[in-house]
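J.: One predicted model, sequence on top.
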Amino acid sequence: MHPFESHIRNVPDFPKAGIMFKDITPLLQERFPEVIEAMSQGIDWSKVDYVVGIESRGFILGAAMAQLKGKGFIPMRKKGKLPPPVIAETYALEYGTDTLEMIKEEKPGRVVLVDDVLATGGTLKAAAALCEKNKLHVEGMALLINLTFLNKFKEEGKPVHSVLNY
């Protein structure tokens, strides 16, 4: 068992019945610097210009990683939260759709995408597509938790680094 696991709280039936939610709040409270360091491993930072944090816990983790590695930070938000001009990517959810947005980039760059949990992969796939549409090449993806039983990111050849795998 990874030392971080004892700090993750399992919350049954949240946000809906049948889901076992992994609450990372106690982990961040007790071991935040170590979490950021662990998430920053396995990335060639010489090939990265910016860290892109996916709303909302990706902001917390990504901003800290950008600070640690001396990189710029770019927020990726839900629709309607950023001022124009923005570029958007709509993606399918279990029930309906959602949209991610970024401020439109004028120059190309290389990024690491950061989020807390990779579940089915819909958000992360949309985030990567949005970056590429926005002149930002995805050099890697950093996650705290990868629920590997719910996604096939390894089979898709995506560059994913995760600290905890379930």
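T.: It's in.
J.: And the lowest mean pLDDT element among the helices and strands of the protein?
T.: strand 20-23 (a mean of 93; mean pLDDT, DSSP states H and E).
J.: Figure out how far the next helix or strand after that strand is from the centre of its chain.
T.: The helix or strand immediately downstream of strand 20-23 is helix 25-39, counting by DSSP states H and E. In this view, helix 25-39 has its centroid 15 Å away from the chain centroid, taken as Cα atoms, centre = their mean, to the nearest Å.
J.: follow-up on the earlier one: partner strands of the least confident helix or strand of the chain, with direction?
T.: strand 9-12 (antiparallel) (DSSP bridges).
J.: Which positions in the least confident helix or strand of the chain come out as buried?
T.: residue 22 (16 or more other Cβ atoms under 10 Å). C-beta: built from backbone N, CA, C; applies to glycine.
J.: Please save the CA atoms from it in CSV.
T.: Provided in CSV are the C-alpha atoms of strand 20-23 (Å, rounded to 0.1, in the frame of the first residue of the first chain):
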residue,chain,number,x,y,z
MET,A,20,-17.1,5.2,-4.1
PHE,A,21,-15.8,8.7,-4.0
LYS,A,22,-12.0,9.1,-3.2
ASP,A,23,-11.8,12.2,-1.0
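J.: Can you show me the strands along the protein?
T.: Assigned by DSSP state E, the strands in the chain fall at 9-12, 20-23, 50-54, 72-78, 86-92, 97-103, 109-118, 136-146, 160-165.
J.: Tell me which other helices or strands the fifth one touches.
T.: Spelled out, it's strand 86-92. strand 97-103, helix 122-133 (3 or more Cβ pairs under 8 Å, 6 or more residues apart in numbering; DSSP states H and E).
J.: what angle do that strand and strand 97-103 make?
T.: Angle of strand 86-92 versus strand 97-103, following axes from the mean of the first three to the mean of the last three Cα atoms, to 10 degrees, is 160 degrees.
J.: neighbouring contacts of strand 86-92?
T.: When contacts are defined by Cβ atoms under 8 Å, 6 or more residues apart in numbering, strand 86-92 is touched by residues 79, 97-105, 122-123, 125-127, 129-130, 133-134.
J.: again, 10 Å this time
T.: Strand 86-92 is contacted from outside by 76-77, 79-80, 82, 97-105, 120-136, using Cβ atoms under 10 Å, 6 or more residues apart in numbering.
J.: Would you mind getting the angle between it and helix 122-133?
T.: Using the same axes, to 10 degrees, strand 86-92 lies at 150 degrees relative to helix 122-133.
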